[in-house]
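Colleague: need a structure here:
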Amino acid sequence: MGVQWDNPMDASVESILLDSRTIRRRVRELGVQITQDYGGKTPHLVAVLKGASIFHADLVRSIELELSYDFIAAGSYGNQTRSSGEIHLLKDVDENVEGRDVILVEDIIDTGLTLHYLVQSLRARGPTSLRVAALLNKPSRRKIHVPLDYIGFDIPDEFVVGYGLDYGQRYRNLPDICILRTSENV
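Modeller: Alright, predicted model coming up:
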């Protein structure tokens, strides 16, 4: 499945699913694609906090266009490894998205419930266009169809951490995307 994790400081990480070099290469490819797709436009990238913050930062630096960005936050996990299905808006965007070409930047699409909620919320505000860029896609867990325009990687149904993704606010700073050892996969 992935590379074995050798960090004796944390036995909770089972293995590396995607190493940092692979992630960097794919994010650059997504940036090139967005640059081509939005040529002559000024996309407005809205990162879903906190998980997408690292992906968002790397992605905006890979886009060779004038752009703007903002942040939004919603939650459905708390300190669990499975979504509760109950979505809460924790932070709204600061800028008006009406008449703008918006790209919603998400770390991982699991059930699709949070993304669906955010897309509906932003679409109601009248953007010229609204697309979704997701670093990770977990199609086997999908409960609701959501449009994904830019996908970094399709991954198996594993709980992953690193590169901004967390468990109980831990592991976000890992440079790789790793599988977390949980009671479900021990």
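
Colleague: show me the shaky parts of this protein.
Modeller: Residue ranges of the chain with pLDDT under 70: 1-11, 76-85, 183-186.

Colleague: could you list the residues in contact with stretch 130-148?
Modeller: 23, 27, 30, 34, 45, 52, 55, 59, 85, 102-113, 115-116, 119, 122-123, 149-157, 160, 163, 165, 177 (Cβ atoms under 8 Å, 6 or more residues apart in numbering). C-beta here means a position set from N, CA and C on the backbone, and glycine is covered the same way.

Colleague: among these, which lie within helices?
Modeller: Cross-referencing those against helices under DSSP state H gives Ile23, Val27, Leu30, Ile34, Phe55, Leu59, Leu113, Leu115, His116, Val119, Leu122, Arg123.

Colleague: SS state for the nearest residue to Arg125 once chain neighbours are set aside?
Modeller: Spatial nearest neighbour of Arg125, excluding adjacent residues (Cβ to Cβ, 6 or more residues apart in numbering): Val97 at 5.0 Å. Assigned by DSSP: H, G, I helix; E, B strand; the rest coil, the conformation of Val97 is coil.

Colleague: which residues are in contact with Val97?
Modeller: The contact partners of Val97, by Cβ under 8 Å, 6+ apart, come to His44, Val46, Asp70, Leu122, Arg125, Gly126, Pro127.

Colleague: in those, find the pair that's most separated.
Modeller: Taking Cβ to Cβ as the measure, the contacts of Val97 span a maximum distance of 15.4 Å, between Asp70 and Gly126.
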